[in-house]
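Novice: Structure, please.
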Amino acid sequence: MVRAAALTPLPHAPDIVLGILDLQGEVIPVINLRKRFRLPERGIGCDDQFVIARTGRLTLALHVDATEGVCEQAAGALLPAEEIVSGTEFLAGVTRTAEGLVLIHDLDTLLFPDEETQIRAALEAP
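Specialist: Take a look at the predicted model:
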């Protein structure tokens, strides 16, 4: 997790990409989760954060309004998402904590295949 910072635009990237971030020499695309989940959009604020997420295929920064901490759960504590909420195409499951339900997002399905291809091409362009 890193504090939000100014981003560099990434030409030819899909609309879900806010720009790129240089994190210790690694260029990382920043994903607009509000756009993905069809929430009202807003600009990046000084108190916002980027959560660095590494999948098997790509490293991304997810723009989040705030974070509340890290939650560790036992492997068996994950409930199938479709049993709890509808529209679960981006969820790996749901778990319960003392504070309530936590939605576990599946980073491998967060980007559509064509979006991932566009991001890779945009990052490799001269």
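Novice: List the buried residues for the longest helix seen in the chain?
Specialist: If each helix of the chain is counted by residues according to DSSP state H, the longest one is helix 113-124. Within helix 113-124, the residues that qualify as buried are 115-116, 118-119, 122-123, counting by 16 or more other CB atoms under 10 Å. For the C-beta atoms, the positions are set from N, CA and C on the backbone; glycine is no exception.
Novice: Pick out whichever of those sits closest to residue 25.
Specialist: Minimum distance to residue 25 across those is 14.0 Å, recorded for residue 123 (CB to CB).
Novice: Any chance of JSON lines for the buried residues of helix 113-124, columns pLDDT?
Specialist: Below are those laid out as JSON lines (pLDDT from 0 to 100):
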{"residue": "115", "pLDDT": "91"}
{"residue": "116", "pLDDT": "90"}
{"residue": "118", "pLDDT": "93"}
{"residue": "119", "pLDDT": "93"}
{"residue": "122", "pLDDT": "93"}
{"residue": "123", "pLDDT": "91"}
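Novice: Can you tell me which of those is nearest residue 77?
Specialist: For the buried residues of helix 113-124, the closest approach to residue 77 (CB to CB) belongs to residue 116, at 29.7 Å.
Novice: Thanks a lot, see you next time.
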